[in-house]
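Q: only geometry, no sequence info:
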């Protein structure tokens with residue numbers, strides 16, 4: 001059958017996607033009232049972004065981050081597993097380090113990389129990532 005005015009002879013098959021699994025609410029992921037209080041207390045004690053401070057900048061933190069994520073076995077309320085980060089560092093450098101650590105089976109090294117920039121893989125050295 002010839003094409004008329006640029007139309008296809010038969011309609012294209014419609015792609016039907018399976019619905020995304022529903023993500024649990026924040027309380028279901030461990031971010032309940034106890035976490036909120038712990039987070040607020042941590043930010044009062046540590047108001048500046050640790051990654052920015054490591055590079056000589058002073059920027060207020062927007063979030064309290066888990067060095068080892070909860071889904072990877074990190075303790076959600078242990079102070080040693082918490083750090084204050086700005087959104088740029090949280091969604092940039094820290095997110096990239098998490099992906100790399102998961103891909104290479106090195107989640108256990110995240111606290112070391114967070115605390116000591118010289119221990120990070122070369123791709124995460126100072127100046128290699130722009131925020």
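A: Nice, I can see it. Fair warning: this is a prediction, and the values are worked out from it, not measured in the lab. Numbering: from 1, shown residues only.
Q: middle-most residue in the chain, spatially?
A: Computing the C-alpha centroid of the chain and ranking residues by CA atoms, centre = their mean puts residue 95 first, at 3.8 Å.
Q: for that one, list the residues it contacts.
A: By CB atoms under 8 Å, 6 or more residues apart in numbering, the contact set of residue 95 is empty. Every C-beta, even on glycine, is put in place using the N, C-alpha and C of the backbone.
Q: distance between the strand or helix carrying it and the chain's centre?
A: For residue 95, the element it lies in under DSSP states H and E is helix 95-103. Distance of helix 95-103 from the chain centroid (CA atoms, centre = their mean, to the nearest Å) equals 9 Å.
Q: flag every buried residue along that helix.
A: 97-98, 100-101 (16 or more other CB atoms under 10 Å).
Q: and the furthest pair within those?
A: 98 and 100 (7.3 Å; CB to CB).
Q: on that earlier part again, for the helix or strand just after the helix holding residue 95, what is the average pLDDT?
A: Using DSSP H and E, the helix or strand that follows helix 95-103 in sequence is helix 110-115. Confidence for helix 110-115, expressed as mean pLDDT, is 96.
Q: export the buried residues of helix 95-103 to JSON lines and tack on distance to residue 64?
A: Formatted as JSON lines, those follow (distance: CB to CB, whole Å):
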{"residue": "97", "distance to residue 64": "17"}
{"residue": "98", "distance to residue 64": "15"}
{"residue": "100", "distance to residue 64": "22"}
{"residue": "101", "distance to residue 64": "19"}
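Q: from those, which is closest to residue 109?
A: Once CB to CB is applied, the member of these that ends up nearest residue 109 is residue 101, at 6.3 Å.
Q: contacting residues around the closest one?
A: Neighbouring residues of residue 101 by CB under 8 Å, 6+ apart: 107, 109-110, 113.
Q: separation between it and residue 17?
A: 30 Å (CB to CB, to the nearest Å).
Q: now do residue 108
A: In this view, residue 108 and residue 17 are 36 Å apart by CB to CB.
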